[in-house]
Every structure is written in C-alpha cells, then in structure tokens.
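Visitor: missing the sequence, but the structure's below:
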C-alpha cells in the first residue's frame with residue numbers, strides 16, 4: 001500500500017470515529033459510560049428513546065470500537081472501551097468556549 005493510500009485509509013478511519021460520535025444521544029452514552037457501565041434498559045431510560053433506537057446507537061459506537069459489551073445472564077452491559085475519547089470532549093469544550101469570545 002502506498003503512503004498516499006495509507007494516509008487516505010487513516011483519515012477515512014478517523015472520519016468513521018467522528019461519524020459514530022456525531023449524534024447527541026451517542027455523545028450522552030459515551031459521557032454516561034465514562035462514569036459506570038450501564039445496561040441497555042438504563043440507557044434507554046436516560047436517552048428517552050425506544051429500545052431499538054438506543055440499540056442502533058450502541059451498535060454504531062461498538063462498531064467504531066468506542067464501547068464494549070458484556071453479557072451477564074440475560075442482561076447486556078455496556079462500558080467505555082477507549083476513555084481517551086473524553087480528552088477529545090475536553091478539546092471540543094475549549095473550542096466552543098473560544099468560539100463564544
């Protein structure tokens with residue numbers, strides 16, 4: 001693979017992560033999972049959407065590698081897989097503050 005092709009792949013992969021985060025409900029999920037693991041029923045209540053919608057959001061985040069799931073009996077618990085994403089959130093908050101000035 002050429003360097004240009006490698007760079008394009010790298011940027012495409014980065015864009016996929018940004019796409020996975022590009023929804024308010026998914027941002028809420030990531031913030032919530034940074035505190036403690038949650039089951040889909042808890043996340044459904046928190047988000048205020050139906051279970052199928054929340055499950056789709058969780059699937060997007062999981063496919064991007066941002067969250068992990070663990071089944072215990074009949075319940076699936078979700079946790080934040082890459083807590084470093086919270087550093088990005090801090091960066092976004094700084095950008096928002098700068099934009100207000």
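Guide: Perfect, thanks for sending it. Everything quoted here is computed from the prediction, not taken from an experiment.
Visitor: in the chain, which spans are strands?
Guide: Chain-ordered strands for the chain, with DSSP state E as the definition, fall at 38-39, 67-72, 75-80.
Visitor: of these, which is nearest residue 98?
Guide: Residue 98 lies closest to strand 75-80 among the strands of the chain, at 26.5 Å (C-beta to C-beta). C-betas here are computed from N, CA, C, even on glycine.
Visitor: hmm, who's touching the closest one?
Guide: Applying C-beta atoms under 8 Å, 6 or more residues apart in numbering, the contact partners of strand 75-80 are 29-30, 33-34, 37-41, 43, 58, 62, 66-71.
Visitor: pLDDT weak spots in this structure?
Guide: Within the chain, the ranges that satisfy pLDDT under 70 run 1.
Visitor: residue 96 - how many residues pack around it?
Guide: 9 (other C-beta atoms under 10 Å).
Visitor: list the buried residues for stretch 15-23?
Guide: 17, 20, 21 (16 or more other C-beta atoms under 10 Å).
Visitor: just put those residues in CSV and tack on distance to residue 87.
Guide: What follows is the buried residues of stretch 15-23, written out as CSV (distance: C-beta to C-beta, whole Å):
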residue, distance to residue 87
17, 13
20, 16
21, 13
